[in-house]
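> predicted structure and sequence below. I'll ask about it afterward.
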Amino acid sequence: MTNTRGIPPYTARGKVEGEDWQAVADALNARMNQKRMGQQALATASGVSVATLRQLQRGAHGRRVQDATLTAIARALDWPDDHLTRVLVHGSQPTETAPARPTNRREPGVGTDRQILAVLLRIEQRLADLSERIAPVGATQDDRARGNDDGPTPAE
């Protein structure tokens, strides 16, 4: 596949002059330490294998890494999608970074199970509260259906 100029899209990364894989490794390791995130947690959050993460943490010596892989890792670390690509090209942490993605969006990854469990527990509690409130109304209707309703009590 080529674009209108006949140039193939640049989607895979091999060793290219001027790219600093050690800067990517340094940024990745620093962010993982900052977020207290291990390889397995990052692998789960990003969908990238532990082996690929390990290679990136060591500087990706001679390994081909797709742009989508760098994007997935950046997202999992709450960076802008192109952050690691810019680190790779510029050789250090970019000084001007785009704002991080909204954190109110629920995405698969670390903590998702806990978020789901918390929501389910809140729903369960709300249902129990509603059930308690509805129970007296339901009992009154059952009494009327059985003919046990004496009608409204007269006012004194």
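Received it, and whenever you're ready, just let me know what you need. Numbering: from 1, shown residues only.
> going forward, measure contacts between C-alpha atoms and count neighbours the same way
Noted.
> keeping just the C-alphas, turn stretch 76-85 into CSV.
The C-alpha coordinates for stretch 76-85 follow below in CSV (Å, rounded to 0.1, in the frame of the first residue of the first chain):
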residue,chain,number,x,y,z
ALA,A,76,-1.7,2.7,29.1
LEU,A,77,0.7,5.1,30.8
ASP,A,78,-1.8,8.0,30.5
TRP,A,79,0.4,9.8,28.0
PRO,A,80,-0.8,11.3,24.7
ASP,A,81,-0.9,8.7,21.9
ASP,A,82,2.2,10.1,20.1
HIS,A,83,4.3,10.6,23.2
LEU,A,84,6.7,7.7,22.8
THR,A,85,7.1,8.3,19.1
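> and the pLDDT at the closest residue in space to Ala72 that isn't next to it in sequence?
Using Cα to Cα, 6 or more residues apart in numbering and skipping residues adjacent in sequence, the residue nearest Ala72 is Ser46, 5.1 Å away. pLDDT for Ser46: 94.
> then His83?
Per-residue confidence (pLDDT) for His83: 92.
> repeat that for His61.
For His61, the model assigns a pLDDT of 69.
> toward the C-terminus from the lowest-mean-pLDDT helix or strand in the chain, list the very next helix or strand.
For the chain, the helix or strand with the lowest mean confidence is strand 12-13, at a mean of 48 (criterion: mean pLDDT, DSSP states H and E). Downstream of strand 12-13, the first helix or strand assigned by DSSP states H and E is helix 21-34.
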